[in-house]
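S.K.: predicted coordinates and the sequence they were generated for:
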Amino acid sequence: MCKEKLIHKSGFVNIIGFPNVGKSTLMNSLVGEDLSIITHKPQTTRHRILGIVDKYNAQIIFSDTPGFMIKTAFFMQRIMMKYIERSLEDADIVLFTTEIGKFSISDKYFSILNSLKNIKNNKPFLILINKIDKIGIECDEKILYETINYWHRIFPHSEILPISALKNINQDLLMDKILGLLSEHPPYYPKGFLSDKSKRFFVNEIIREKIFLLYKKEIPYSVEIFTETFKENEMFLHIFSSIYVERNSQKGILIGKKGNYINKLGALSIKGIEKFFKKKVWLKLNVKICKNWRSDYKILKKFGY
Ligand code: GDP
Ligand code: MG
C-alpha cells in the first residue's frame with residue numbers, strides 16, 4: 001500500500017485581514033457551510049469562528065476573525081482585536097486577506113502590518129487578493145498587478161494568490177497549497193465536527209445578520225442577541241431570543257410602527273434559521289435595553305465574548 005495514504009495531516013489555518021475584504025465569504029466557501037455571517041458592511045464578524053474541513057485524509061481547521069481595527073472605542077472591540085492576536089499565535093498557516101484595488105492603506109494600519117511581519121517569519125503566510133471576479137466588470141486587469149506589486153513591496157518574501165471567494169476562483173489551488181503546507185498530525189477535533197460554536201450561537205448570528213440587512217446606521221452595531229431558549233426535536237426548533245439594544249430610542253426603531261419591523265425581522269430570521277438547521281422553526285423575539293453593554297465586562301461574558 002502507498003505510504004502517502006497513511007499520513008493524516010491537520011492544522012489551524014487562520015484567516016485575518018481588513019474589514020469587508022471577504023474573509024467570512026472565503027471561510028464559508030472553503031468549509032461549504034454558511035457558518036459566518038456576511039454583509040456588505042464592515043465589522044460584521046465579532047467572534048473567532050472555527051470551520052472544520054475533513055477531506056483528503058486531512059483535517060483543516062479554518063478560523064474566521066473580525067477585521068483589523070485601528071480604533072477600539074469599546075471593550076468589545078478590544079476583545080475582538082484579542083481574537084485576531086490569538087488566532088495569529090496559534091495559526092499553523094496564516095491567510096492574510098486583502099482585495100483587488102486595495103493598494104493604499106491608512107498609516108494607522110502599519111503598526112498592525114509590522115506586527116504581522118514578525119509573526120510571518122516563523123510560519124507560512126499566504127497573501128490572498130480577493131474579489132478578482134471584478135476584473136473586466138468593475139476594474140481593469142492592471143489593477144490586479146498594481147495590487148500585487150503593492151503587497152509584494154510590503155511582504156517581499158510571501159506568496160501572493162489572487163482569488164475570488166464569491167465566484168470560487170483559485171480556491172482549489174489555495175486548498176492544494178494549504179494541504180502542502182500542513183504537517184502530519186492526527187485530527188484535533190472528532191471527525192464530522194463542523195465548528196466549535198453552539199447551535200444557540202448560530203441562531204444569534206443569523207438574527208444579527210438579518211438586523212444588518214434590515215436596519216441602518218448604528219443599529220446593527222448596537223445590538224447583541226442572546227438566545228434564552230433553544231428546544232429541538234426531530235422536526236422542529238422552538239426558540240426564544242432576546243435582542244439587546246443600548247437605548248430606548250433604539251428599541252423603538254427595532255420594533256417599528258405597530259411592530260412592523262420586528263415582524264419582518266422575525267420572518268427573515270425564521271427563513272435563515274430553517275435553512276441553516278433544515279428544520280421548521282418557531283421563533284419569538286423580545287427587545288431588551290442594556291445600557292453600554294459593549295463596554296460592560298460582565299455582560300460581554302454572558303454574551304460569549
Ligand atoms: P469580511 O468582513 O472580510 O468577513 O467580508 P465578508 O465576507 O462579510 O464580505 C464583505 C462583502 O464583500 C460582502 O458584500 C461580500 O458579498 C463581498 N465579497 C466577498 N468576497 C467577494 C468576492 O470574491 N467577490 C466580490 N465581488 N465580492 C465579494
Ligand atoms: Mg466577516
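M.R.: Yep, it's here. Residues are numbered from 1 along each chain as shown. Ligands and ions are numbered 1, 2, ... in the order given.

S.K.: CA atoms for contacts and neighbours, from now on please.
M.R.: Fine.

S.K.: do you have the helices of the stretch 151-300 of the chain handy? List them.
M.R.: Ranges of helices in the stretch 151-300 of the chain, per DSSP state H, counting those that start in this stretch, are 171-181, 199-214, 219-222, 248-255, 260-277, 297-302.

S.K.: which residues does Lys102 contact?
M.R.: Counting by Cα atoms under 8 Å, 6 or more residues apart in numbering, Lys102 touches Thr147.

S.K.: quick one: which helix or strand includes it?
M.R.: Assigning secondary structure by DSSP states H and E places Lys102 outside every helix and strand.

S.K.: need the residues of the stretch 151-300 of the chain near ligand 1, please.
M.R.: Contact residues, the stretch 151-300 of the chain versus ligand 1 (Cα under 6 Å from any ligand atom): 164-167.

S.K.: what does the stretch 1-150 of the chain put close to ligand 1?
M.R.: Residues of the stretch 1-150 of the chain lying near ligand 1 by Cα under 6 Å from any ligand atom: 19-25, 38-40, 42-43, 130-131, 133-134.

S.K.: where neighbours are concerned, which of the residues you listed has the most?
M.R.: Each of these was scored for neighbours by other Cα atoms under 10 Å, and Lys23 scores highest at 31 neighbours.

S.K.: hmm, Ser29 and that residue touching each other?
M.R.: No: counting by Cα atoms under 8 Å, Lys23 does not reach Ser29; the two are 9.9 Å apart.

S.K.: near ligand 2 too, which of the residues of the stretch 1-150 of the chain next to ligand 1?
M.R.: Ser24 (Cα under 5 Å from the ion).

S.K.: filter the residues of the stretch 1-150 of the chain next to ligand 1 down to the ones in helices?
M.R.: 23-25 (DSSP state H).

S.K.: Serialize the residues you listed to JSON lines and add fields for pLDDT and distance to Thr227.
M.R.: Conversion of those to JSON lines gives the following (pLDDT from 0 to 100; distance: Cα to Cα, whole Å):
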{"residue": "Lys23", "pLDDT": "96", "distance to Thr227": "26"}
{"residue": "Ser24", "pLDDT": "96", "distance to Thr227": "23"}
{"residue": "Thr25", "pLDDT": "97", "distance to Thr227": "25"}
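
S.K.: one step back: just the buried subset of the residues of the stretch 151-300 of the chain next to ligand 1, written out for PyMOL, thanks.
M.R.: The buried residues among these can be selected in PyMOL (16 or more other Cα atoms under 10 Å) with this line:
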select buried, resi 164+165
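
S.K.: the residues of the stretch 151-300 of the chain next to ligand 1: which ones sit near ligand 2?
M.R.: Okay, of these, nothing touches ligand 2 (Cα under 5 Å from the ion).

S.K.: quick one: low-confidence parts of this structure?
M.R.: Residues of the chain meeting the criterion pLDDT under 70: 1-5, 120-121.

S.K.: same thing but at 50, please
M.R.: Filtered on pLDDT under 50, the chain yields the residue ranges 1-2.

S.K.: can you show me the strands along it?
M.R.: Remark: strands assigned in the chain by DSSP state E are 9-17, 49-55, 58-64, 93-99, 125-130, 159-162, 224-232, 236-245, 280-289.

S.K.: residues in the stretch 1-150 of the chain within reach of ligand 2, list them.
M.R.: 24, 45.

S.K.: same thing but at 8 Å, please
M.R.: Contact residues (Cα under 8 Å from the ion) of the stretch 1-150 of the chain with ligand 2: 19-20, 22-25, 36-39, 42-46, 64-67.
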